[in-house]
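[1] pasting a predicted model and its sequence here:
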Amino acid sequence: MNLELIVDNLSKTYTAESGALFGASTKVHALKNVGFRLAPGQSLGIVGESGSGKTTLAKVLAGFADADGGTARLGDHNLLSIRRHQRARLLQMVFQDPFGSVNPKLLLGTQLREAMPDSDNTSLAANELMATVGLSGDHLARYPHQISGGQRQRFAIARALAARPSLLIADEPVSSLDLSVQAQIINLLNSLRRERGFSQIVIAHDLAVIANTCENVIVMKDGAAVEAGPVSDVLAKPSHAYTRRLLAAVPIMKP
């Protein structure tokens, strides 16, 4: 099920305490009227420094935070109002921390089967899904602490795909991994998207990751989208000074 994502004027405000005695609280605009479209099967990068709003955007879309205004629709589904279990059938997230995002007390096989639709919940389907992300079926009998960080991230991807989502949101999916493992996970996400046809949002502070995973990019600063367009255009001729600063901070490896 491949669906178009349409986000329009999405906003989110947090209240931050000053920390001083009798200090007044202030409002932090984490999202300022953010809007974009993501076609079925396409990959969109959201890039920016810490505090730019990119993770808040992911949390709002995934239902981990409420928006103050705006709309977000995946096909005919209003992502801002449907129940969490309904949203889980449409979109899944892969988080930055491959250990914190899995249950340390449950076998990998148990966690994977819990994410699968009843019709797919078989040993054969579980083994096939593990093979898809480059893991052995033997890993299903292990606990998260018994595998490496790169293997845990592969498993997190397998568990996300078990629900057959239309949209996968990867929030800093490689930032906590070694450089050699980063390339493997990036290549895995690219190949899985081509094979399965899901749409993808990749959130990163590193433009090199976006360059190797996405067709289009949105650059965020202080909760607002300051630049957007095809990755090749934004990297070659950035129009915003903030984007030029991000480009100067990291070497870009063209896909």
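    Looks like it arrived, so ask away. Numbers count the residues shown, from 1 in each chain.

[2] C-alpha only now, for contacts and for neighbours.
    Noted.

[3] what sits closest to Pro98 if chain neighbours are left out?
    Gln153 (4.9 Å; CA to CA, 6 or more residues apart in numbering).

[4] what is the burial count for that neighbour?
    Look at Gln153: counted by other CA atoms under 10 Å, it has 26 neighbours.

[5] I'd guess it is in a helix, am I close?
    Yes - under DSSP: H, G, I helix; E, B strand; the rest coil, Gln153 falls within a helix.

[6] give me the pLDDT for it.
    For Gln153, the pLDDT comes out at 90.

[7] same thing with Leu21?
    56.

[8] over to Gly63?
    For Gly63, the predicted pLDDT is 90.

[9] how close does it get to Leu57?
    10 Å (CA to CA, to the nearest Å).

[10] His205 too?
    14 Å.

[11] pick out whichever of Gly63 and Leu57 has more residues nearby.
    Leu57 (23 against 18).

[12] so what pLDDT did that one get?
    pLDDT at Leu57 comes out at 96.

[13] where's it, which helix or strand?
    helix 54-62 (DSSP states H and E).

[14] which neighbouring elements make contact with that helix?
    strand 26-38, strand 91-94, strand 167-171 (3 or more CA pairs under 8 Å, 6 or more residues apart in numbering; DSSP states H and E).

[15] show residues contacting the first one.
    Where contact means CA atoms under 8 Å, 6 or more residues apart in numbering, the residues beyond strand 26-38 that reach it are 4-18, 44, 51-53, 56-57, 70, 199, 222-225.

[16] in strands only, show me these.
    Counting by DSSP state E, the part of the contacts of strand 26-38 found in strands is 5-16, 44, 70, 199, 224-225.
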